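Participant: structure of the sequence below:
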Amino acid sequence: MNKSINILDKEYQEWVKALAVRYRNSQIKAAAKVNSEKLFFNWLLGRDLVEMHVEERWGESVIMQLSKDLRLALPGVDGLSKSNIYYCKKFYQLYNHAGTVFQQAVGKIGMEPLSELNGLDRLSLPGETDRSEKFQQFVGVFQIPWGHHCVIMDYAKGDVCKALFFVRKTIENGWSRAMLLNWIDTGLYEREGKALTNFKATLPEPMSDLAQEITKDPYNFAFAGITGKYNEARFKSQLLKNITDFLIELGTGFAYVGKEYRLQIGQKEKFIDLLFYHLNLRCYIVIEVKMGDFDFQDVGQLGGYVASVNHIVKRDDDNPTIGLLICKSKDKLLAQYALESSSQPLGISDFELEKLYPSKVEGMIPTIREIEENLNDK
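Facilitator: Numbers count the residues shown, from 1 in each chain. Predicted coordinates:
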């Protein structure tokens, strides 16, 4: 067990008092702002730990002592354990670069909590007419619960791009912490937007970028429950039998239109594997599923289906139809050459039938040491 230390340094004692006052001030804000105010308190605490060089000045054991002193000053308040204070430090260090834009907008951050955070996105930075994307991302950081942040920080390991990706996804989709953990577990960051496509050459901006974002590579079809030998018909049937999971894996905005969708082209009937409509892109999406390896002729067939949907199904106010081939495997060079040969907007991805398990994400399963530290925090 760690023993308490008595720090008589006046500046340290004044700082503890200031933290207690800061926290109490944050608690009297309107209920709708409780989460952002708590996050801002954690941000400022993390900033103090870094900029005041707390551990260098008062020793490594100061965090344990700070936890005890704050809980004495703020009895009954959650989130003041040693481990949580370290999370506050990580929180500030992770987003500090984005926070630079924030500090330019509102000047030097004082000791008082932020009372109108949601209105700060209307501020203008010197020399700017439009809002800074980094500033918007930084404001978004204060819109998700602290428990989500702890999960994201454990996963991101200091990579702010990874962290902001899951902050944005949580806000867009309203994920619970369990859902956030699930998407991290499937390697979403590594998969999203990774399909091989020719969208840059075949779609106007910004639609080409938005279309790229809705793709994944590989797609995780573990929900289909396919094991052992299977054929293409059974596989597609299993995907649609679990249509809710299928739509979740495809992503936000996909609306199911039909399976084996019939097209009458001249004297012949053609059947599209799966036809969807994307509500955000405002376009039809043709999806062909292939059990084997990708080859050149697959792009010709998919491109023909896309052109046919544009002529037969697409309305004047719809955007150009997109084609997506999801196959068991692909040679990337072969696929790239095939995409260059097509004038239709197409993408090619692989699929996986087993759940994608990354290496253990630090913090999700506590170690013996972490359990002991938590017990010592009590």
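Participant: excluding its backbone neighbours, what's nearest the most centrally placed residue in the chain?
Facilitator: Nearest residue to the geometric centre of the chain (Cα atoms, centre = their mean): Phe166, 2.1 Å. Nearest non-adjacent residue to Phe166, counting by Cβ to Cβ, 6 or more residues apart in numbering: Ile152, 5.0 Å away. C-betas here are computed from N, CA, C, even on glycine.
Participant: reduced to three states, what does the one you found come out as?
Facilitator: Following DSSP: H, G, I helix; E, B strand; the rest coil, Ile152 is assigned to helix.
Participant: got a list of what it touches?
Facilitator: The contact partners of Ile152, taken as Cβ atoms under 8 Å, 6 or more residues apart in numbering, are Lys162, Ala163, Phe166, Val167, Leu180.
Participant: okay, now the unreliable bits of the stretch 1-150 of the chain?
Facilitator: Scanning the stretch 1-150 of the chain for pLDDT under 70 picks out 1-5, 25-34, 97-137.
Participant: could you pull out the helices for it?
Facilitator: Using DSSP state H, counting those that start in this stretch, the helices of the stretch 1-150 of the chain run over 10-27, 34-51, 54-58, 62-73, 82-106, 133-141, 146-156.
Participant: and the first one, what does it pack onto?
Facilitator: The one in question is helix 10-27. Packing partners of helix 10-27 (3 or more Cβ pairs under 8 Å, 6 or more residues apart in numbering; DSSP states H and E): helix 34-51, helix 62-73.
Participant: what do you get if the cut-off is 6 Å, keeping everything else the same?
Facilitator: Where contact means 3 or more Cβ pairs under 6 Å, 6 or more residues apart in numbering; DSSP states H and E, helix 10-27 is packed against helix 34-51.
Participant: quick one: mean pLDDT for the helix or strand hosting Leu240?
Facilitator: Using DSSP states H and E, Leu240 maps to helix 232-241. What helix 232-241 shows for mean pLDDT is 87.
Participant: of the helices of the stretch 1-150 of the chain, which approaches Leu210 most closely?
Facilitator: helix 133-141 (15.2 Å; Cβ to Cβ).
Participant: if we can go back for a sec, from Pro145, how far out is the residue nearest to Phe166?
Facilitator: Ile152 is 11 Å from Pro145, where distance means Cβ to Cβ, to the nearest Å.
Participant: residue contacts, Pro245?
Facilitator: That one is not Pro; residue 245 is Asp. Neighbouring residues of Asp245 by Cβ atoms under 6 Å, 6 or more residues apart in numbering: Phe223.
Participant: tally of neighbours for Leu334?
Facilitator: Per other Cβ atoms under 10 Å, the neighbour tally for Leu334 reads 15.
Participant: please name the nearest non-neighbouring residue to it.
Facilitator: Using Cβ to Cβ, 6+ apart, the closest residue to Leu334 is Phe294 (6.6 Å).
Participant: I figured that neighbour hits Lys330, correct?
Facilitator: Yes. With contacts counted by Cβ atoms under 6 Å, Phe294 reaches Lys330, the gap being 3.8 Å.
Participant: that older thread, in TSV: the helices of the stretch 1-150 of the chain, plus distance to Gln264.
Facilitator: Below are the helices of the stretch 1-150 of the chain laid out as TSV (distance: least, Cβ to Cβ, whole Å):
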stretch	distance to Gln264
helix 10-27	65
helix 34-51	55
helix 54-58	73
helix 62-73	71
helix 82-106	53
helix 133-141	46
helix 146-156	49
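Participant: for those helices, which one sits closest to Ile243?
Facilitator: helix 146-156 (28.0 Å).
Participant: what helices or strands is whatever helix or strand comes next after that closest one leaning on?
Facilitator: Sequence-wise, the next helix or strand downstream of helix 146-156 (DSSP H and E) is helix 160-173. Counting contacts by 3+ Cβ pairs under 6 Å, 6+ apart, helix 160-173 packs against helix 133-141, helix 146-156.
Participant: buried residues in the longest one?
Facilitator: Right, helix 146-156. Across helix 146-156, burial judged by 16 or more other Cβ atoms under 10 Å covers Trp146, His148, His149, Cys150, Val151, Ile152, Met153, Asp154, Tyr155, Ala156.
Participant: closest one of those to Leu325?
Facilitator: Proximity of those to Leu325 (Cβ to Cβ) peaks at Tyr155, which lies at 30.6 Å.
Participant: wait, isn't that closest one in contact with Ile184?
Facilitator: Yes. Tyr155 is in contact with Ile184 according to Cβ under 6 Å; the separation is 5.2 Å.
Participant: name the residues that touch stretch 266-286?
Facilitator: Outside of stretch 266-286, the residues within contact range by Cβ under 6 Å, 6+ apart are 253-263, 287-289, 305-306, 309, 318-319, 321-323.
Participant: and if you look at stretch 209-222?
Facilitator: Taking Cβ under 6 Å, 6+ apart as the rule, stretch 209-222 contacts 186, 191-195, 199, 203, 249, 251, 322, 326, 347, 349-356.
Participant: what comes up buried for it?
Facilitator: For stretch 209-222, the neighbour count (16+ other Cβ under 10 Å) marks Leu210, Ala211, Gln212, Ile214, Thr215, Lys216, Asp217, Pro218, Tyr219, Asn220, Phe221 as buried.
Participant: so of the residues you listed, which ones are in helices?
Facilitator: Leu210, Ala211, Gln212 (DSSP state H).
Participant: and which of the residues you listed is nearest to Ser237?
Facilitator: In terms of Cβ to Cβ, no member of those lies closer to Ser237 than Ala211, at 27.7 Å.
Participant: so how far is Val257 from that closest one?
Facilitator: Look at Ala211 and Val257: by Cβ to Cβ, they are 17 Å apart.
Participant: next one: Leu247
Facilitator: Using Cβ to Cβ, one obtains 12 Å as the distance from Leu247 to Val257.
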